[in-house]
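J.: This is the structure alone, sequence omitted:
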């Protein structure tokens, strides 16, 4: 019986060892399976974090640009000049600058450059309702007049990033009954803001 006991003990120990080895194999399999599924998810999460950081940077940049534009839009009015009197005449249905208009713009550009280099100019173009029959044509003509003034001011040394144009066409014009009234509506208004 003494000899049987060690054999029984050895057999029991072998069974226990086999059972414990089976448990380790299962844990190893589970760990490998989990790792194979977690690794791609972790990589995607890291990729998303990188994309979010990039978006965050671009969003902050856009916000700073918007704030700067808002400050510019809140700029205070300094003065304005209307180019519609006898010295500056836009021919009917045209956007060409006359020599008198160029002389006035030369003086205006000189004033801009000496008074303050940090001002912004809004050029508003208008058209007389008698020049055009369609609203779209009036807007186009007002824009062409404003752009002609913008190009001329730029040639005189006023930076383009300090000039904005807008066309009001035949909006906000005074009812005209004579040639002088129609001429007053064929105008460009220069608004200077700080």
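T.: Received, thanks. Note that the coordinates shown come from a computational prediction; the quantities given were computed from them, not determined experimentally.
J.: can you pull out the strands in this protein?
T.: Remark: strands assigned in the chain by DSSP state E are 77-83, 120-126, 163-169, 188-193.
J.: Can you lay out the ones you listed as TSV showing distance to residue 59?
T.: The C-beta positions use only the backbone N, C-alpha and C, and glycine is treated the same way. Shown next, in TSV, are the strands of the chain (distance: least, C-beta to C-beta, whole Å):
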stretch	distance to residue 59
strand 77-83	32
strand 120-126	26
strand 163-169	25
strand 188-193	28
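J.: for the ones you listed, which one sits closest to residue 31?
T.: With C-beta to C-beta as the measure, strand 163-169 is the member of the strands of the chain nearest residue 31 (65.0 Å).
J.: domains of the protein?
T.: Under automatic domain parsing, the residue ranges defining each domain of the chain are 1-74, 76-193.
J.: And these, which one averages the lowest pLDDT?
T.: Lowest mean pLDDT within those: domain 1-74, a mean of 68.
J.: okay if I get the strands of the chain as CSV plus distance to residue 136 and mean neighbour count?
T.: Formatted as CSV, these follow (distance: least, C-beta to C-beta, whole Å; neighbours: other C-beta atoms under 10 Å):
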stretch, distance to residue 136, mean neighbour count
strand 77-83, 23, 15
strand 120-126, 14, 22
strand 163-169, 8, 19
strand 188-193, 19, 21
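J.: so which of those strands comes closest to residue 54?
T.: Proximity to residue 54 (C-beta to C-beta) singles out strand 163-169 among the strands of the chain, at 31.3 Å.
J.: Can you work out which other helices and strands pack against that closest one?
T.: Packing contacts for strand 163-169, counted by 3 or more C-beta pairs under 8 Å, 6 or more residues apart in numbering; DSSP states H and E, involve strand 120-126, helix 135-155.
J.: Rebuild the ones you listed as TSV, extending it with distance to residue 93.
T.: Converted to TSV, the helices and strands packed on strand 163-169 look like this (distance: least, C-beta to C-beta, whole Å):
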stretch	distance to residue 93
strand 120-126	13
helix 135-155	7
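J.: and among the ones you listed, the most buried is which?
T.: Ranked by mean neighbour count, the helices and strands packed on strand 163-169 are led by strand 120-126 with a mean of 22 (mean count of other C-beta atoms under 10 Å).
J.: Neighbouring strands - and their directions - for that strand?
T.: Partner strands and pairing direction for strand 120-126 (DSSP bridges) are strand 163-169 (parallel), strand 188-193 (antiparallel).
J.: quick one, that strand and helix 135-155 angle?
T.: 140 degrees (axes from the mean of the first three to the mean of the last three C-alpha atoms, to 10 degrees).
J.: got a list of contacts for strand 120-126?
T.: With contact meaning C-beta atoms under 8 Å, 6 or more residues apart in numbering, strand 120-126 is reached by 72, 75, 112, 141-147, 149-150, 153, 158, 162-173, 185-194.
J.: how about 6 Å then?
T.: Strand 120-126 has contacts (C-beta atoms under 6 Å, 6 or more residues apart in numbering) with 142-143, 145-146, 149-150, 162-168, 173, 187-193.
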